[in-house]
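Visitor: predicted structure and sequence below. I'll ask about it afterward.
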Amino acid sequence: MGPPHVQEVLAVTTTPPAVRRASPRARRAPAPPEPVRALLPTPEPVRLLDESGTRLTAATSYPEPGTDTLRELYRRMVIGRRFDLQSTALTKQGRLAVYPSARGQEACQVAAIMAVRPTDWIFPTYRESMALVSRGIDPVEVLTLLRGDWHCGYDPAAQRTAPQCTPLATQTVHAAGVAYGETHQGRDTVALAFIGDGATSEGDFHEGVNFAAVFRAPVVFFVQNNRYAISVPLSRQTAAPSLAYKGVGYGIASEQVDGNDPVAVLAVLTRAVEHARAGNGPFLVEAHTYRMEAHTNADDQSRYRDGAEVQAWVGRDPIARLETYLRGLGVLDDAAVTAIRDEAEAFAVHLRARMNTEPTVDPLSLFDHVYASPTPQLIEQREQVRAELAAAQDEEVQA
């Protein structure tokens, strides 16, 4: 067995971890240093309303938005949901090729838009159609990409809104670059980048956040943690206490918020935007929310989650939550609710009528904007398509 001191070492190194007894000093984790503590999110997501829509009395440093602002938030959320439901129906009618629903995430979609200025830049993912409509972009132009007509239906420069991004996390790099460039132009523009929980597992997320942190670019990275990256649950993506804790690794301020509490989401995002605009560098916000529909209309959600889980989130509906609160304040009544719902329905009817009109498309436009100067191969391909179109037209005339 060897000398006593060797036996003691062997006993320590071979004893299973569960059996070892750590000293009291070893069991206590040291408090984070002051600079780190300032970057950490709150231990629990910020909440101002409980799930029933009752105002919580716990102390918070986040001021509540005014009642007029909250009423407008409610209005936009109702219209946004009706737009979302109509868009889902359009996929079943063959009018859209695909539609990623944001139902259940209305508080995040709308509050993010209301937290920024019209002159600020937005960098959306494929799921932010509702947010873009809330920003005032023509809904038909928003759906152009998802109908398959063109890469982007609206003018990104005019709308200060980047094209909806299908590759995960690439928009974080774009947001960091634009924000950095705007700063060097002497403008106080903020860029807000929408991110899904799955995108935080991508290398582009690291590059975008790290660049923004090092160069103090005024970016708000808004992570909508809806629990699933398509079918991959959050538990298989990260071991962090929450995604908001990723911010401290980059040296940026972070916060987490109940993403189904519209009042809290708007309050936290408003603070984050103010932080970035004041020159304090980027800010990372994680909203804990839930995607009520499948990933897209092409997804079978029953393969990775059951109906009971979805049903449990019905009681956390952000629209019902805010409606209850505003009714309690006396700034919303039956007549106002009916008027807003009627407005949302009229919006959907108008959208449906416009989407039922066949778009005029030019197949040759597929070759536009691929390169600044078309390559010989691209020109050859374009001429092949032109010849095929001409031949098809001749056949129709002869028939």
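Guide: The structure has been received and is ready for your questions. Residues are numbered from 1 along each chain as shown.
Visitor: what about the chain, any weak spots by pLDDT?
Guide: Applying pLDDT under 70 to the chain picks out residues 1-35.
Visitor: in it, which helix is the longest?
Guide: In the chain, taking DSSP state H as the definition, the longest helix is helix 67-92.
Visitor: return the set of buried residues in that helix.
Guide: 70-71, 73-84, 86-91 (16 or more other C-beta atoms under 10 Å). The way it works is simple: take the backbone N, C-alpha and C, and place the C-beta from them, glycine included.
Visitor: same thing with stretch 192-202?
Guide: Buried, per 16+ other C-beta under 10 Å, within stretch 192-202: 192-202.
Visitor: how far does it sit from the chain's center?
Guide: Distance, stretch centre to chain centre, for stretch 192-202: 7 Å (C-alpha atoms, centre = their mean, to the nearest Å).
Visitor: equivalent analysis for stretch 46-62, please.
Guide: Using C-alpha atoms, centre = their mean, the offset of stretch 46-62 from its chain centre is 23 Å.
Visitor: and it, how far apart are its ends?
Guide: 9 Å (C-alpha to C-alpha, to the nearest Å).
Visitor: among the buried residues of stretch 192-202, which one lies nearest to residue 147?
Guide: Closest approach to residue 147 among the buried residues of stretch 192-202 (C-beta to C-beta): residue 194, at 20.9 Å.
Visitor: helix/strand/coil for that closest one?
Guide: strand (DSSP: H, G, I helix; E, B strand; the rest coil).
Visitor: residues touching it, list them.
Guide: 112, 122-125, 127-128, 131, 171, 222, 224 (C-beta atoms under 8 Å, 6 or more residues apart in numbering).
Visitor: let's see it at 10 Å
Guide: 108-109, 112, 122-128, 131, 164-165, 171-172, 175, 220-224 (C-beta atoms under 10 Å, 6 or more residues apart in numbering).
Visitor: which parts of the stretch 201-350 of the chain are strands?
Guide: 219-225, 228-229, 232-233, 253-258, 283-288 (DSSP state E, counting those that start in this stretch).
Visitor: which of those strands sits closest to residue 351?
Guide: Using C-beta to C-beta, the nearest of these to residue 351 is strand 219-225, at 23.6 Å.
Visitor: before we move on, back to that, keep only those of the contacts of residue 194 that are in helices.
Guide: If you go by DSSP H, the contacts of residue 194 have 108-109, 112, 131, 171-172, 175 in helices.
Visitor: re the thing from before, which one of the strands of the stretch 201-350 of the chain lies closest to residue 327?
Guide: Distance to residue 327, taken as C-beta to C-beta, is lowest for strand 253-258 among the strands of the stretch 201-350 of the chain, at 20.0 Å.
Visitor: the closest one vs strand 283-288, what angle?
Guide: Counting by axes from the mean of the first three to the mean of the last three C-alpha atoms, to 10 degrees, strand 253-258 points 20 degrees away from the direction of strand 283-288.
Visitor: just checking, what packs against strand 253-258?
Guide: helix 106-115, strand 219-225, helix 246-250, helix 262-277, strand 283-288 (3 or more C-beta pairs under 10 Å, 6 or more residues apart in numbering; DSSP states H and E).
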